[in-house]
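Undergrad: coordinates for the following, if possible.
(2 chains)
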Amino acid sequence: MRKILSTIALCAVVATSSMAAYPSKTIKLIVPSKAGGSTDTTARLFIDTAKKYWEDADFIVVNKPGAGGLIGFSYEQRQKADGYTIGLMFTPQFVAHVVSKKAKYTLDSFNVIGNIAQDPGIVVVNSASSIKTLDDLVKTAKAKKITAAVNGIGSDDFLAAKQFEEKTGVNFNLLPTKGSTEQKTAILGNHVEVAFMNLSQMLSNHNAGKVRIIAVLDNKRADVAKDIPTSVEQNYNVLMTATRGIIIRKEVKKEIADKISDLYNKVVNDAGFQEKAAKSFIFLNPRPGAEYTEYLKALQADTQKVFDKTPW
Amino acid sequence: MILLDALQAVLAFDVLFAIFIGTVSGIIIGGMPGLTATMAVALLIPITFSFTPLIGLAIMGGVYAGAMYGGSIPAILLSTPGTPAAAATALEGYPLTKQGKGGMALKVSVISSFVGGTFSVIVLLAIAPILAEFALKFGPPEYFLLAIMGLTGVISVASGGLTRGIISGLIGLIIALIGTDPMTGMVRYDFGIIDLYEGVSFMPALIGMFSITQMLALTGEKSIASGDIDLTTIKREKMPKGMWPFIGLGTGTGTVVGIIPGEGATIAAFMSYNMAKAKSKVKNLFGKGNPEGIAAAEAGNNACVGGSLVPLLTLGVPGNTVSAALMGGLMIQGLIPGPELFTTHGVITYGFILSLFIANIVFLVVGLFFAPYFAKISQIPTSILVAAISVFAIIGSYSMNNSLFDVWLMLIFAFAGYFLNKLNFSLSAIILGMILGPIAENGFTQALTISEGDSSIFFESAVAKILWMIIIVLLIQPLFAHFKDRREKAKAMRNE
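TA: Residues are numbered from 1 along each chain as shown, chains lettered A, B, ... in the order given. Presented below is the predicted three-dimensional model:
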């Protein structure tokens, strides 16, 4: 009896100490894109703030860029489920890879901790363009074929353009670019008529009067751009938002997952984090795990519909 | 008046110190293959938040300028370009090191880098908004032509004859086909490996073909340079005569290419090198250690620094990956690229530009002072050197994308490169094909998408017409020389 008791006690001690020990090693935050971009900055600001709450913990950012995030997402899935790897992901690519069957993971492979930021989709034209509203855009596109720049096949821009085509019956001459810089140049230099992009990428040019964002593809106007009407206001039910959240492997123990969720909550509610994010044009939109998971499921279903019609 | 205020702000001790630290760490980062200025700037972004804006930007600008120069040091001494942009420098620098003239090569490199860097900053300071308009004139057809213009360089970098040069260039273009098709999203030749979705990574290929092949060739030697190198002799060694036209050529090319968003320092360096060879009176010395090539290439890649900031600061369009990271650094300080940057935030913006001048001076002084000591590397016994460089090559290949796959890639390229080199194929031409292939393809398909299949789009704009003219000029001269050479050889054969 005594032996059993002491064994139990020992187990308890070991269990608590190993739990209390987390985090005892460096925690890796996997960023599925290049150093220096907006996703990367989100990650770096996140760990900068996280250090404040977990003083003893060490964090590093590990960049695993390429293949529209697929290399990074897959890498996250292959890591040990010990809680020392936290993954950043971005939508809609995260679910688009599942839909296009390029990914080896599914949504069920991960425990979704929560969303950090969002970047609503926009429709943007050069400020000299005669297109001022989405109605103008449809009218022009029906009169002659116009070119629309999107950032790569299967990206959020691409899906938004496809949605717009489907809901309005227009047919764009779609121009896939490599990165938003090419889209910016194409719009600023009048090489294309319209581009589907994200708000953060064009907001400063819009404010400087060089380009005109004719719609934000969202239900409500963005806090940072109250002057820009939404697509819904203009009676076009085309919605697209890029989001950026945090995931860990499904198999990570609940105690550790809870700690990570707690850290996530503290960071996204931190005033310093919010200030730095705002200055970097990172629009925070904290959504806890359960709610965000529902969003991802719905997004995957929507993406599947587009894919079934026009696979890529 | 803003300019004077800015100057005063820059000359504060803490700002000067920040520039110094930034530039020196930039040289080190640039000198290590695998560490890039982009990475360094990204790492600095959250840290600079606690500094005043000018100090934060001065450090980042220093890193950018320093790294661009730093890449040339291992390129010259070890044929291991620290940055892809220094690849062209290695073509002439390393042969000079083997001849025991590494110190002179380093001197040419640092002076050319300084001139190129400084001139482009003057341009940035003086006429940035006008140039931004020029940058926007470049659409897909112009990018395609620019890539073709770069590909004419295959002829001048090829050392083993025209036919082998063209085959090498085509090998590069074929390798560039691997990866996702930009138009359809289909993945080509990926063999089911997701690491290939984005194409073959460039840095591992470069390290494998440039660095490891040379290290293999070294195994029979005692050290890179034979004979003793005396420090005082190197210190007294003068800059070779006649470099200025080539520095000027590189500076001009680099500034223009830098301004065009999306083009990079690597392309600028190769284009400058190509033009230098077209212009040179001693063409046959190219590939065997001609300082003219170093002068043009180094002036070219450093001139990209100022150039790439033109579209960034005026339009918020970053010219390359480093300036994309710099944009993050600007924004976090509340500096949104656009006209306001030059008015409301004028002191900081002009201060930042002025700090780049000082960064150039810092690397000039540091570079000139340390050149003789660096040159001593060529005397290290190969038994130590080859092992050390191989370790760096592996770390460098891994760290670009944190990918073990890239290490294997580097070894495959090293192995293939060794044999291709033995068979007189040009590794530089392969590299050139790899860099320019995707740009040419993207420009070509995008242009035809916009025009809906009408190829007259490639001849429409004024810029396109000028580019066609340059392409023709660059092609005629070497082709003419090639056929003349063959005729003379045939004549000589007949006479025998």
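Undergrad: domains in chain A, by residue range?
TA: A:2-119+A:243-309, A:120-216 (automatic domain parsing).
Undergrad: need the winner for burial among the ones you listed.
TA: Comparing these by mean neighbour count (mean count of other Cβ atoms under 10 Å in any protein chain shown), domain A:120-216 comes out on top with a mean of 21. C-betas here are computed from N, CA, C, even on glycine.
Undergrad: do it and chain B meet at all?
TA: Yes. Domain A:120-216 lies within reach of chain B by Cβ under 8 Å from any Cβ of the partner chain, at A:145, A:147, A:152-154, A:173-178, A:181-182, A:184-186, A:188-192, A:204-205, A:207-208, A:210.
Undergrad: and that domain, how far out from the chain's middle?
TA: Offset of domain A:120-216 from its chain centre (Cα atoms, centre = their mean, to the nearest Å): 20 Å.
Undergrad: stretch B:450-463 now?
TA: So, by Cα atoms, centre = their mean, the centroid of stretch B:450-463 is 29 Å from its chain's centroid.
Undergrad: average pLDDT across that stretch?
TA: For stretch B:450-463, mean pLDDT is 94.
Undergrad: give me the contacts around that stretch.
TA: With Cβ atoms under 8 Å, 6 or more residues apart in numbering or on different chains as the test, stretch B:450-463 has contacts from A:145, A:147, A:173, A:175, A:191-192, B:137-142, B:144-145, B:447-448, B:464-465, B:468.
Undergrad: what do you get if the cut-off is 10 Å, keeping everything else the same?
TA: Identification of contacts with stretch B:450-463 by Cβ atoms under 10 Å, 6 or more residues apart in numbering or on different chains yields A:145, A:147, A:149, A:173, A:175, A:186, A:191-193, B:134, B:137-142, B:144-146, B:148, B:260, B:443-444, B:447-448, B:464-465, B:467-468.
Undergrad: quick one on the thing from earlier: among the residues of domain A:120-216 next to chain B, which ones are in strands?
TA: A:Thr147, A:Asn173, A:Leu174, A:Leu175, A:Pro176 (DSSP state E).
Undergrad: in TSV, list those along with pLDDT.
TA: Formatted as TSV, those follow (pLDDT from 0 to 100):
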residue	pLDDT
A:Thr147	96
A:Asn173	95
A:Leu174	94
A:Leu175	94
A:Pro176	92
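Undergrad: closest one of the residues you listed to A:Glu55?
TA: A:Pro176 (45.8 Å; Cβ to Cβ).
Undergrad: residues in a beta bridge with that closest one, which ones?
TA: Beta bridges link A:Pro176 to A:Val150, judged by DSSP bridges.
Undergrad: tell me how many other residues surround B:Thr213.
TA: Look at B:Thr213: counted by other Cβ atoms under 10 Å in any protein chain shown, it has 23 neighbours.
Undergrad: B:Leu411 is in contact with that one, correct?
TA: No. Counting by Cβ atoms under 10 Å, B:Thr213 stays clear of B:Leu411, with 11.4 Å between them.
Undergrad: give me the common contacts of the two.
TA: In contact with both B:Thr213 and B:Leu411: B:Ile207, using Cβ under 10 Å, 6+ apart.
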